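In: Predicted model and sequence below, questions to follow.
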Protein chains: 2
Amino acid sequence: MTHRIDCLQYANWSEKIFRQMREGGVDAVHVTIAYHENFRETVQNIEQWNRWFEQFPELIFQGRIGADVRRAKTEGRTAIFFGFQNPSPIEDDIGLVEIVHTLGARFMQLSYNNQSLLATGCYEAQDPGLTRMGREVIDEMNRVGLVVDMSHSADRSTLEAIEHSARPIAITHANPAFWVPARRNKPDDVIRALAETGGMLGFSLYPHHLKGKSDCTLQSFCEMVAQTAEMVGPEVLGIGSDLCQDHPDSVVDWMRMGRWTKKVDYGEGSAAAPGFPDMPTWFTDNRDFSNVEAGLRSVGFDAAEVAGIMGENWLRFFDASFGPAREVREARAAE
Amino acid sequence: MTHRIDCLQYANWSEKIFRQMREGGVDAVHVTIAYHENFRETVQNIEQWNRWFEQFPELIFQGRIGADVRRAKTEGRTAIFFGFQNPSPIEDDIGLVEIVHTLGARFMQLSYNNQSLLATGCYEAQDPGLTRMGREVIDEMNRVGLVVDMSHSADRSTLEAIEHSARPIAITHANPAFWVPARRNKPDDVIRALAETGGMLGFSLYPHHLKGKSDCTLQSFCEMVAQTAEMVGPEVLGIGSDLCQDHPDSVVDWMRMGRWTKKVDYGEGSAAAPGFPDMPTWFTDNRDFSNVEAGLRSVGFDAAEVAGIMGENWLRFFDASFGPAREVREARAAE
């Protein structure tokens, strides 16, 4: 039995989308619950998720550990894992790392495009690397089992996070820059350093990260995956689709501008194309993962490799990453 | 094997006190982590507890379910269960009920001396009973497994909470008014209604609730317990010592006055005796539970009854109360 995991989505959640997850056989989704929200606002977003868990128990439930993905498969539901694209939910308080982990957070980006209290974002001109607080927070994230995610961080900060973290980190949603040198895509040295430490790369399907953007072909995408697998092996690769379904364009404004500027910032867009881009025709919602799966087969991956990229690799990473460091050590010793 | 549980303490926590818990063979303590704190302040108090759990893992750990009391006994540690003496941590937001439960809260008083958004406190002149929000919040507490505690509430509100709650409630720390008619002690009809619905009464050792205050004798206390057992049976009785150890008197000011008044309120004290009262000589800290145990034997309780009052009754209540209503129903059906 294999499991299908999407390690990044941020949709305008609804019963329709939860049903599409089931139709697409998606056993687990890492959902973004904060871009720029402070702690209290993040808690409010969790409250909203608690309502959905109460309202649609036959479709979704909150995932906390890898075993919840297996349970989801068995029960025909989707396990929802929380993550933050910014450390704003922990504000300036390291004690909040354990609090948000207790509330279910499993991934936290150390920065989102801009400089944060912890690390530098990929849109800053200068990247001085991890901050003093950044190192402390990584240690605390390691201790409790909150995964460091550097998807939107700058390269030096990312390399330093990989080196400083005692546990493997993740880039949940980005592509290699060798394919298309988008600001959010990652150079070879970052991908290699990530893979060498057991970290995971989730391939993004967000058009701004794709060659040809919305017109990107499934063939081109899958050949890029194959080329990455040749570079670092298929075991550290997964999907983090970055699906931003059903949102009005005001939401991409919030993602890009939060409260940090009074001007307009187009981020990966432009004045001519300021809104959400159209998704490629072969991946528009959760029902399209079988297209990606077929595409991976067609470029030469064997069944086990495809299963790995579609979810088993993330599942192995979830198993190793979400518990307290002490418990993971003890479980390994007992094996 | 029997278990010793104290269902209410609010001390100036320290390694010394945690060691005294171990010396006293106390397997579990319900600790107050909020009097007037709002949500964010309560989270800060949890952060402080997380530090203690990290610092003293050989002495204490966070308790979440009844089984943690058994685990504490086996491992020679004390399980710490969080509770609030006021609903201030949930502010005006019913969604915070599940959030604080996820963070470990297991008891919440609906009011503390004054009127709250939910119910009336025992110092108000008028008690109109449960509010609209009070009923909603009780339903939500029932759903997630957060116990309604009416220790500091007024009688009509308490009777209505007993009636409205679908699950047994608690008065974690108070004594019967028939023994001494202190403002915080409870009349027979409240105690009977509580017991008839499977609720628990925890006897307080706080001098203002004792006959003769600090001079109260162990004999008098234990005779009162025996008389209460005659009234409602020994199975619904336990200890909630209300031990407030090592605090400066500024803390009792905070407990009494919070931020609700600019004047001085002496609560159960007086201008002549404004501070914390001296504990009775036979119960000054966690090492003195054996005195209470011996006292209960001497007034005629048999070994099983004493074990029940010293902890087994609370443990049975913990087992039934801290999980989601659905899971408790399923576990009962499976028995």
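Out: Everything's here; your move.
In: can you give me the helices for the stretch 101-250 of chain A?
Out: A:132-144, A:155-164, A:188-196, A:218-232, A:249-257 (DSSP state H, counting those that start in this stretch).
In: Make sure residue A:307 is actually in contact with residue A:2.
Out: Yes - here residue A:307 reaches residue A:2: they are 4.0 Å apart, a contact under C-beta atoms under 8 Å. All C-beta atoms are positioned from the backbone trio N, CA, C, and that covers glycine.
In: Settle it for me: which of these two has more neighbours?
Out: Relative neighbour count places residue A:307 above the other of residue A:307 and residue A:2, with 19 against 16, counting by other C-beta atoms under 10 Å in any protein chain shown.
In: Tell me who's in contact with the more buried one.
Out: residue A:2 (C-beta atoms under 8 Å, 6 or more residues apart in numbering or on different chains).
In: For the helix or strand harbouring it, buried residues please.
Out: Following DSSP states H and E, one finds residue A:307 within helix A:303-307. Of the residues in helix A:303-307, A:305-307 count as buried by neighbour count, 16 or more other C-beta atoms under 10 Å in any protein chain shown.
In: pLDDT wise, what is residue A:68 at?
Out: On pLDDT, residue A:68 comes in at 98.
In: pretty sure it is touching residue A:77, no?
Out: No - at 9.7 Å, residue A:68 does not count as touching residue A:77 under the criterion of C-beta under 8 Å.
In: shared neighbours of those two, anything?
Out: Joint contacts of residue A:68 and residue A:77 (C-beta under 8 Å, 6+ apart) are residue A:61.
In: mind listing what residue A:84 touches?
Out: Taking C-beta under 8 Å, 6+ apart, we find residue A:84 in contact with A:32-34, A:42, A:100, A:105, A:107-109.
In: what's the closest of the buried residues of helix A:303-307 to chain B?
Out: residue A:307 (32.9 Å; C-beta to the nearest C-beta).
In: Could you check the pLDDT of the closest one?
Out: pLDDT for residue A:307: 98.
In: got the CA positions of stretch A:287-299 in PDB?
Out: Only the C-alpha atoms of stretch A:287-299 are listed here, as PDB (Å, rounded to 0.1, in the frame of the first residue of the first chain):
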ATOM      1  CA  ARG A 287      -7.900  15.200  -8.600                       C
ATOM      2  CA  ASP A 288      -4.900  15.600 -11.000                       C
ATOM      3  CA  PHE A 289      -2.200  13.800  -9.100                       C
ATOM      4  CA  SER A 290      -2.700  10.700 -11.300                       C
ATOM      5  CA  ASN A 291      -1.500  12.900 -14.200                       C
ATOM      6  CA  VAL A 292       1.700  13.600 -12.400                       C
ATOM      7  CA  GLU A 293       2.100   9.900 -11.400                       C
ATOM      8  CA  ALA A 294       1.600   8.800 -15.100                       C
ATOM      9  CA  GLY A 295       4.100  11.500 -16.200                       C
ATOM     10  CA  LEU A 296       6.700  10.200 -13.800                       C
ATOM     11  CA  ARG A 297       6.300   6.600 -15.100                       C
ATOM     12  CA  SER A 298       6.600   7.900 -18.700                       C
ATOM     13  CA  VAL A 299      10.000   9.500 -18.100                       C
END
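In: buried set for it?
Out: Applying 16+ other C-beta under 10 Å to stretch A:287-299 flags A:287-289, A:291-293, A:295-296, A:299 as buried.
In: near chain B, which of those show up?
Out: Taking C-beta under 8 Å from any C-beta of the partner chain as the test, chain B is in contact with none of the buried residues of stretch A:287-299.
In: Dump those into JSON lines; add pLDDT and secondary structure as well.
Out: JSON lines is the format used below for these (pLDDT from 0 to 100; DSSP: H, G, I helix; E, B strand; the rest coil):
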{"residue": "A:287", "pLDDT": "98", "secondary structure": "helix"}
{"residue": "A:288", "pLDDT": "98", "secondary structure": "helix"}
{"residue": "A:289", "pLDDT": "98", "secondary structure": "helix"}
{"residue": "A:291", "pLDDT": "98", "secondary structure": "helix"}
{"residue": "A:292", "pLDDT": "98", "secondary structure": "helix"}
{"residue": "A:293", "pLDDT": "98", "secondary structure": "helix"}
{"residue": "A:295", "pLDDT": "98", "secondary structure": "helix"}
{"residue": "A:296", "pLDDT": "98", "secondary structure": "helix"}
{"residue": "A:299", "pLDDT": "98", "secondary structure": "coil"}
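In: how about the CA coordinates for stretch A:31-45, as CSV?
Out: Provided in CSV are the C-alpha atoms of stretch A:31-45 (Å, rounded to 0.1, in the frame of the first residue of the first chain):
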residue,chain,number,x,y,z
VAL,A,31,-1.6,23.1,4.6
THR,A,32,-0.3,26.6,5.2
ILE,A,33,-2.1,28.3,8.0
ALA,A,34,0.0,31.4,8.3
TYR,A,35,1.8,33.8,6.0
HIS,A,36,2.1,37.0,8.1
GLU,A,37,-0.2,36.2,11.0
ASN,A,38,1.0,36.8,14.6
PHE,A,39,0.4,34.1,17.3
ARG,A,40,-3.2,35.1,18.1
GLU,A,41,-4.2,35.3,14.5
THR,A,42,-2.6,31.9,13.8
VAL,A,43,-4.6,30.4,16.7
GLN,A,44,-7.7,31.9,15.1
ASN,A,45,-6.8,30.1,11.8
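In: can that stretch be found next to chain B?
Out: Yes - for stretch A:31-45 and chain B, the contact criterion (C-beta under 8 Å from any C-beta) is met by A:39-40, A:43-44.
In: what's the angle from the next helix or strand after the helix holding residue A:307 to helix A:132-144?
Out: Using DSSP H and E, the helix or strand that directly follows helix A:303-307 along the chain is helix A:313-321. Relative orientation of helix A:313-321 and helix A:132-144, computed by axes from the mean of the first three to the mean of the last three C-alpha atoms, to 10 degrees: 90 degrees.
In: Just the mean pLDDT for helix A:313-321, thanks.
Out: For helix A:313-321, mean pLDDT rounds to 98.
In: Who are the packing partners of that helix?
Out: strand A:5-9, strand A:28-34, helix A:67-75, strand A:200-203, strand A:237-239 (3 or more C-beta pairs under 8 Å, 6 or more residues apart in numbering or on different chains; DSSP states H and E).
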